[in-house]
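**Q** give me a model of this one.
(chains A and B)
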Amino acid sequence: MAEPQAPDRINDFVIKLANVNGTGSASANSLLMKAIFRMGVPVAGKNYFPSNIQGLPTWYEIRVSRDGYVARASHVDLMVAMNAETYAQDLQEVSPGGYLIYDSTWPRSHQLQREDITILGIPLSKICNENFDGVRARILMKNVVYVGAVAALLDLDLEVISGLLEQSFARKPKLVEANQQAIRMGFDYAMQHFQCPLPCRVEAMDKTADMVMIDGNTAAGLGCVYAGATVGAWYPITPSTSLMDAYKSFCARLRVDAETGERSYCVIQAEDELAAIGMVLGANWNGARAFTPTSGPGISLMSEFLGFGYFAEIPAVLFDVQRVGPSTGMPTRTQQCDILSCAYASHGDTRHVLLFPANPEECFYLAVEAFDLAERLQTPVLVLSDLDIGMNDWMCPMLQWDDEYRPDRGKVLDAETLENMDEFWRYDDVDGDGICWRTLPGDHPRGSYFTRGSGHNAEGRYTEDAEEYQAVVDRLLRKFDTAAGLVPAAIETPARSATELGLISFGSCDGAIREALDLLEAEGIHLHYLRLRAFPFGDEVRSFLERHEQIFVVEQNRDAQMRQLLISEGGARPEKLQPVLHYDGMPIGAEDVIEGIRRLLAQGEAA
Amino acid sequence: MSFMPKPRVAHPGLPRNELGLTRRDYEGGMSTLCAGCGHDSITASIIQACFELSIAPHRVAKVSGIGCSSKTPAYFLSASHGFNSVHGRMPAVATGANAANQDLHYIGVSGDGDSLSIGLGQFCHAMRRNLNMVYIIENNGVYGLTKGQFSASADVGSKAKKGERNEQPPIDPALTALTMGGTFVARSFSGDKAQLVPLIKAAMRHRGFALIDVLSPCVTFNDHEDSTKSYAFTRQHYQPAVHTDFVAPATEIMAEYEAGESIKVDLHDGSHIVLRKVSPDHDPTDRASAYAFLRKRQKAGEHVTGLLYVDGSEPDMHMLNHTVQVPLNRLEWDTLCPGSEGLGAILARYR
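**A** Numbers count the residues shown, from 1 in each chain, chains lettered A, B, ... in the order given. All right, here's what the predicted structure looks like:
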C-alpha cells in the first residue's frame, strides 16, 4: 500500500476513466460526474474521444474542485483503467500516491506494476457474467459496476445515484432496477475488499445549488431559440453538430403546434457548407433570423459567401466550434486556430465581427447578442467557440432571461415608411454611422433593390466607377468602427497588487488563466488580466495595451493568431506582446499558463 | 447589371392587367448583353408571363448566380428584390429565402456553366428538396463572360468559335432534373415566345421545383456553323413534343382539344395546364416514360421541347418540413421565445 494522501484531497482530485469507445461508458461516466455535482461539489468533465464510432480508446476526466476551478488539471488521482490496449499508458499517468482500478477477471502482466500507487483489482467481467445475460448487457453493466465501486471509494451518496438513475430511465423501470443492482454489486465489492473511503473523496458541499451542468453547443442552440432564430442550415461536422442537434430538439419541444404539428422553424441539412451559408444569407436577406454551426473546414468552404455577406451587407450568424487544424487536423481535439481565417474570411478587403464566448453560459448570451449585432450591423457575425467549450459539460451559473428583451432588427424600413418616401437607396449612409437602411423583399415596390457582390454604388446600382466603388468600401470601414463600439467589451480583472504586467486572453483559456493567476499570486507574481470578448477591439483594449509594458497573450494555436490581430488591429507594439501558446489539442491547463509565463519572465531577467 | 436608366414613359393606351399595371411595370433596367442574345428574349418572356398572371412585382424575388444569364434579373421586374449571388450558389440563396418566406414567388435565372458545372450539386439538391421556385437555365453551351470556353452542356462534336471540337458528353439539365426528382421539367427555345410564355406561367403556378431549360444561342461565341447551339441548328433540330397551355383558375377549357390527345394537370391554386401531346410515345405525367422519350429523341439529334414532365402532387420543402402557414419571418415574438419561465423548466434537465 502506498503512503496515504494528505487529508486536503477531499473534494480536490481528478478521476480519469480510460474506456473503449462504443461500450456505453459515456453515460456511466456522466452519471458519476452528475452524482458529485448533485452533492453540491464543483466538478468539471472533459471527454477525450477519438474520431471513430467503436473500438478506439477514449478517456473521460472528472475534476473535482472545491474551489470551483474548471480547467484541465495535469494530474490523475484515480484512474479507472478499462481499456487493455492503453493500460500501460494509463498506469504511467497516475500521479504518485494515486489509485488505479482495473478489471481483475484476467491476470495482468507482472510488468504492468507500480510501487508508488495503489492498484485496486475488481473482477468486473466476472461479476457481470455471473449476474447479467447477453453480451451487450454485460459490456454495458461493467461500466455501471465500476461506478458503484468508485462510489464506495469516494464516499458518494447512493441516494443521489439512485435518483439520477430513476431520472435517466424514467420510461424504462426495468433498466433502473438492473442499473441499481450493478451499482450495488460494485459498491459492495469495494466495501468488502478495500479500505473505503479513500483519502481523496467527496464530502457534500452547497456550491452547486444555482448551477447547471451544460455544454456550450447545447447552450448556444438554446440561445438561438431564445434569439428567435427560425431558420438553421448546416452541414454536419465535428465538433459543431451537437449545436444544431440541440436547436432541433429544443424546437421540437417548444416550437411545434400541439394540435396541428406545424413547426415554427425550418432546419435544413445542406449538401455542403457552401450551401449552408448561402441558405443562411438568403434567409436573413429575407428577414428571418438564420444561423449555421460549423468548424474550421467549414469556414474555409464558406469564405466566398462570407465575403459576399460583408460586401452586400447581409446579416448572418455563424458558430465556429473550433477544432485542431490545419486541414482535417484532429477533428475531436480542441484549438483556437481560426481567429485569423475568420477575422478576414474571403478574398479582397474583408473583415468580420467575431465574438469569443469563454464558457457555455456565454455561448447562450453571446448567441443572442450575435443575432442582434448581425442585424444592427447588417453583416455576418462569427461566434468562435471551440470543442472544449462546445462538447464538454461545464458547471455554469443558472442561465437568466430578461422578459423585456426584444430583438434588435436594426435599420429596416417597413412598408408604411416606404410608402411615404420619395425614393430609397440601399447603400446610402444617411445616419453617418456606416450602417444604411435596408428593406425586406415583399414589403413594398419602392423598397426593391438589387443585392450583388459586384461593384455597386450608394444607390445599389452596378458600378465600375473608381470613386463610387471606393466610397462604398470606405464606408464599410466606418461601419466596422461603429461595430467596435457595439460589440461586447473586454473584461478587465485587475491584479490585487500593483504590477506592470498584463495578460490578454479569450475563450476557453479563461478557466486555466483564473486558476493560474491565483497560483502565481501566491508566488508573488501579479498580472492584470484582460479577457477579450469580441473583434473589432474596443477602446478598452487599446487602453490596456497602452497601459502595460509587458503583456502575455495566452491562446491555443501555434501561430499566436490573436497576438497578430492585436498588433495589426489593436496598434500594439510587437515587442511588448509575448505569446504563451498551447496547441497540442488538449484543453489548456493552469500549469501550461504558469510554465509559459515563468519561462518568459526568466528570459526577461536573463536578458 | 445595367447602369443605363430606361425611360419610364408609358403610352396611355397600353393594356392593363388585373392589378391595373402595364407591361412596362414589369420591365427592368436596360440590358447590357450583346445585341441578338437569346437571353434578352427570355427576359421578355418572363416579363410577359408575370404581366399576364397579374403578379404584384414586389411579391417576386429574383435570384441568380454568376454569368451572362445571371445578369438578366436586373433587366426585368425592377420593383422586385433581386439577389445576384456567387457563382453556382443561387439555389442555396433561394432555399434560404424561401425558408424565411414561403409566400413570395421565386424566379431563379442561371446558365449552363452556373448550373451544370460549378453549381451542379446545388442545382440537384434544390430539386431533391422540391424547392418551390421557377428555375430557368439560359443554355447556350458556352462560357460567354470569359470568352468562349465549352460548358458542360456542349454537345459532342460541337465546335468552338476557334475550331476546337468538344469530345466530352453533355450534361442534359432536363434528364438531370428527371433523375433528381424535379417535379416540373420543361425545355424551350428563346426564339419561341409562344411556347415559352405559357411554360413560365405554368411554372410560376406549380408548387415545387419548376425547371425550364431554355436553349438560348450565344450570338458572339456559339452561333457559328459548327455549333449545335446556334440559332440555325436549334431551329432545324427543334422538336416540340408537347404543346402547353396555361389555364387560369375559373377559366373554362376550350373545347378545341381532341379527347385522348390532351392531358389536364391541376395546379395547387386552382389553375391548370393543358398538355397536347405531339408524340404518341411520350407520357408527360410518367417520369420513366419522359426520360426514355427524351433519351431516344436526343440520340436522333433532336432538341425536344415543351413541358416534358409534371407532377403537382409531390410535397415541396415546406410541406415536408411541416412549416407553419405564416411565413417564418412574420412570426410573432411570443411564439418564438419561451421566456424566463420556460428557461427554468428547460434547465431543470441540466441540474
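
**Q** contacts, neighbours, all on C-alpha from now
**A** Will do.

**Q** neighbours around the residue in the stretch 151-300 of chain B that chain A sits nearest to, how many?
**A** Residue of the stretch 151-300 of chain B nearest chain A, by CA to the nearest CA: residue B:180 (13.7 Å). By other CA atoms under 10 Å in any protein chain shown, the residues close to residue B:180 number 17.

**Q** per-residue pLDDT, residue B:257?
**A** With respect to pLDDT, residue B:257 scores 43.

**Q** the one 4 residues further on too?
**A** Residue-level confidence at residue B:261 comes out at 64, pLDDT.

**Q** ok, now which ones touch the residue in the stretch 251-400 of chain A that chain B sits nearest to?
**A** In the stretch 251-400 of chain A, the residue that lies nearest chain B is residue A:279 (3.8 Å; CA to the nearest CA). Contact analysis of residue A:279 by CA atoms under 8 Å, 6 or more residues apart in numbering or on different chains lists A:233, B:92-97.

**Q** and residue B:344, by the same measure?
**A** By CA under 8 Å, 6+ apart, residue B:344 has no neighbours at all.

**Q** 10 Å instead?
**A** Neighbouring residues of residue B:344 by CA atoms under 10 Å, 6 or more residues apart in numbering or on different chains: A:398-401, B:338.

**Q** just the buried ones from those residues?
**A** Among the contacts of residue B:344, those that count as buried by neighbour count (16 or more other CA atoms under 10 Å in any protein chain shown) are A:398-399, A:401, B:338.

**Q** pick the one among those closest to residue A:390.
**A** If you rank these by distance to residue A:390 using CA to CA, residue A:399 comes first, at 16.2 Å.

**Q** spit out the contact partners of that closest one.
**A** Residue A:399 makes contact with A:210-212, A:219, A:360-362, A:364-365, B:340, B:343-344, B:347 under the criterion CA under 10 Å, 6+ apart.

**Q** again, only this time at 8 Å
**A** Applying CA under 8 Å, 6+ apart to residue A:399 gives the contacts A:361, A:364, B:343, B:347.

**Q** and it, that one's in a strand?
**A** No - per DSSP: H, G, I helix; E, B strand; the rest coil, residue A:399 lies outside any strand segment and is coil.

**Q** relative to residue B:75, how far out is it?
**A** In this view, residue A:399 and residue B:75 are 51 Å apart by CA to CA, to the nearest Å.

**Q** kindly report the same for residue B:183.
**A** Per CA to CA, residue B:183 is found 28 Å from residue B:75.

**Q** out of the two, which sits in the busier spot?
**A** Ranked by neighbour count (other CA under 10 Å), residue B:183 and residue B:75 place residue B:183 first, with 29 against 21.

**Q** which SS class is the residue of chain B found nearest chain A?
**A** Scanning chain B for the residue nearest chain A gives residue B:96, at 3.8 Å (criterion: CA to the nearest CA). Following three-state DSSP, residue B:96 is assigned to helix.

**Q** can you count the residues close to it?
**A** 29.

**Q** residues contacting it?
**A** Residues near residue B:96 by CA under 8 Å, 6+ apart: A:231, A:278-284.
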